[in-house]
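J.: test case, fold it:
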Amino acid sequence: MKTTTTSIGYVMTTGIVVFTMFGRAFAELVYRPETINGLKLLDHSVSFVMFIGLWRLLGWLVSALVSLLACHETAWHVVVTLGSAALALAAWAL
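T.: Numbering: from 1, shown residues only. Prediction:
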């Protein structure tokens, strides 16, 4: 029973963290007014917000790769993750 409770707690807390981090990164990438106002209060340049959002998403990708490698996952999982990152960066550059 303890394992099930621990697993559910882990999944729930991880889901909440992912949801909030993705929401913040998305808000930064689409220049939400709330995000812009927050950066102005912190005396940051408005153009800086795009870099914050991009690095937040890249941080997720790096942590995903490290997790895959630490769990000794098969090579194709790592290749797919890197391919997804390359496609995301190419789409962003366009």
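
J.: helices or strands next to whichever helix in the chain runs longest in the packing?
T.: Looking across the chain with DSSP state H, the single longest helix is helix 2-29. Using 3 or more CB pairs under 8 Å, 6 or more residues apart in numbering; DSSP states H and E as the contact test, the elements touching helix 2-29 are helix 33-41, helix 48-70. Using the backbone N, CA and C atoms, a C-beta is placed for each residue, glycine as well.

J.: buried ones in it?
T.: 25, 27-29 (16 or more other CB atoms under 10 Å).

J.: in CSV, list those residues along with pLDDT and distance to Thr5.
T.: Formatted as CSV, these follow (pLDDT from 0 to 100; distance: CB to CB, whole Å):
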residue, pLDDT, distance to Thr5
Ala25, 79, 30
Ala27, 79, 33
Glu28, 79, 35
Leu29, 77, 36
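
J.: what is the nearest of those to Leu39?
T.: Glu28 (8.8 Å; CB to CB).

J.: was I right to think the closest one contacts Gly53?
T.: Yes. If you go by CB atoms under 8 Å, Glu28 and Gly53 touch, sitting 3.1 Å apart.

J.: please report how far the closest residue to Thr35 other than its chain neighbours lies from Met21.
T.: Spatial nearest neighbour of Thr35, excluding adjacent residues (CB to CB, 6 or more residues apart in numbering): Ala27 at 4.7 Å. Distance, Ala27 to Met21, using CB to CB, to the nearest Å: 11 Å.
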